[in-house]
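> Need coordinates for the below:
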Amino acid sequence: MRQRGIHLQYSFQAGGQSGADVQNPLFDLLSAVRDHGSIQHAANALGASYRHTWGQLKHWEDVMGEKLVTWAQGQPARLTPFADRLLWAESRARTRMTPHIEALRAELEHVLAEALDGSQQVLAVHASHDLALPLLRQRAGASHGLHVDLRFAGSMDALRSLAEGRCLVAGFHVPPLEGRHAVFAAGLKPLLKPGRHKLIGAMRRTQGLMVAKGNPLALRQLADLPAHGARFVQRQPGSGTRLLTDHLCAVEGIGEAAWQSCAGIVEDSHVAVAAAVASGLGDAGIGIEAAARAFGLGFVPLIEEDYFLVCLADTLEHPAVQLLRQALASPAWRDALATLPGYTPHQAGEVLSLTRALPWWHFKTPRPSHRSDSGDR
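The predicted structure is shown next:
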């Protein structure tokens, strides 16, 4: 079998781009044939001639060493099983890589912005994965002259990046809970210090169970998963959503053995979890409502949480941080959040007391449990 290599490239063009929209002529062609059922209609959709489209199909069949399309006179064109599998696998891989593609695009935009305008403020932000933050980056650049160098990481990893000086602002999320909440205290309290860190409000969002359309297993809470033998798509250890999962397990009294019975694959973003559920690799996963809706999934709300940005106290007056606060307090940010299901602005742009915003802070940090630290679930 012919060995095939993957070659990546990028280009500078007029206009913006977001998400994981990485263009590739092969997959554009296969999608057009699948969606339109004929080579002629696919050619029309692509703005190309029938002859060119037919030639491209033959070219890609030669490159891949596999038949891509089957058709007969008077019959609709169909993708071969190989082409179907290839298109599905590429779509899932691209979805899983969304945060990393966004980070790469942000880095390249940073390079271009520096070359074009050396006076533009640049702000390095490492943050827990979120669908609204790329919108904030766009609006901050367009209206406030601020280039946000956005990189996604788990909540705990983002806070470690801040402590190690690899970013100026970090992003993490927690529910607005009162009382003793051991999971959040154990995971986050060692990484945040009153007086040293300053919180900046950003938004409030809803997390819940992302399930197949129509919720065929009738899942209503996390405890229903082991009871129904459901496969749960997990988030990676160190992420805020993994901490939330551990918290909900403790609240609902789900033991380790019961949870192990339904624990499945691990993904590192909300959209990757949604893609796994949509493709049938799992029955449910915890994530934000906007990701579930984007993939046509059902959504069972579980809890609201606050998304905070945090910086060191001595950088609060940094010009880039000031511009970030202005962008968060602007009507454009409220309008952007209105486009995403499950999001609302909450104390956006305000500097908040760490101990007031995180009521569980006042309680002694519990001794870490094996389950919380190891991520073995």
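
> So residue 171 is in contact with residue 129, correct?
No: Residue 171 lies out of contact with residue 129 (Cβ atoms under 8 Å); the separation is 9.2 Å. C-beta coordinates here come from the backbone N, C-alpha and C atoms, glycine included.

> so where's the stretch 51-200 of the chain uncertain?
Along the stretch 51-200 of the chain, the parts satisfying pLDDT under 70 run over 73-74, 110-111, 113-119, 179-180.

> go with 80
Counting by pLDDT under 80, the stretch 51-200 of the chain has low-confidence residues at 71-75, 91-120, 178-181.

> Which stretches in it count as strands?
Assigned by DSSP state E, counting those that start in this stretch, the strands in the stretch 51-200 of the chain fall at 69-70, 78-79, 121-127, 146-152, 169-174, 197-211.

> I'd like the domain boundaries of the protein, if you could list them.
25-96, 99-374 (automatic domain parsing).

> TSV for those domains, including mean neighbour count?
Below are the domains of the chain laid out as TSV (neighbours: other Cβ atoms under 10 Å):
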stretch	mean neighbour count
domain 25-96	16
domain 99-374	19
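
> check contacts around residue 319.
Going by Cβ atoms under 8 Å, 6 or more residues apart in numbering, residue 319 touches residue 121.

> let me redo that: residue 279
88, 92 are the contacts of residue 279 under Cβ under 8 Å, 6+ apart.

> who's residue 127 bridged to?
residue 152, residue 171 (DSSP bridges).

> do you know how far the closest residue in space to residue 350 that isn't next to it in sequence is from residue 27?
Nearest residue to residue 350, sequence neighbours excluded (Cβ to Cβ, 6 or more residues apart in numbering): residue 201, at 4.6 Å. The gap separating residue 201 from residue 27 is 40 Å, by Cβ to Cβ, to the nearest Å.

> next one: residue 197
With Cβ to Cβ as the criterion, residue 197 and residue 27 are 44 Å apart.

> do residue 82 as well
Separation of residue 82 from residue 27 (Cβ to Cβ) stands at 14 Å.

> now do residue 170
From residue 170 to residue 27 the distance is 35 Å (Cβ to Cβ).

> what does residue 253 give?
46 Å.

> do the same with residue 92
For residue 92 relative to residue 27 (Cβ to Cβ), the value is 12 Å.

> State the phi and psi torsions of the residue lying closest to residue 278 once chain neighbours are set aside.
Leaving out its chain neighbours, the residue that sits closest to residue 278 by Cβ to Cβ, 6+ apart is residue 295, at 4.3 Å. Backbone torsions for residue 295, taken as degrees, to the nearest 10, come to phi -100, psi 10.
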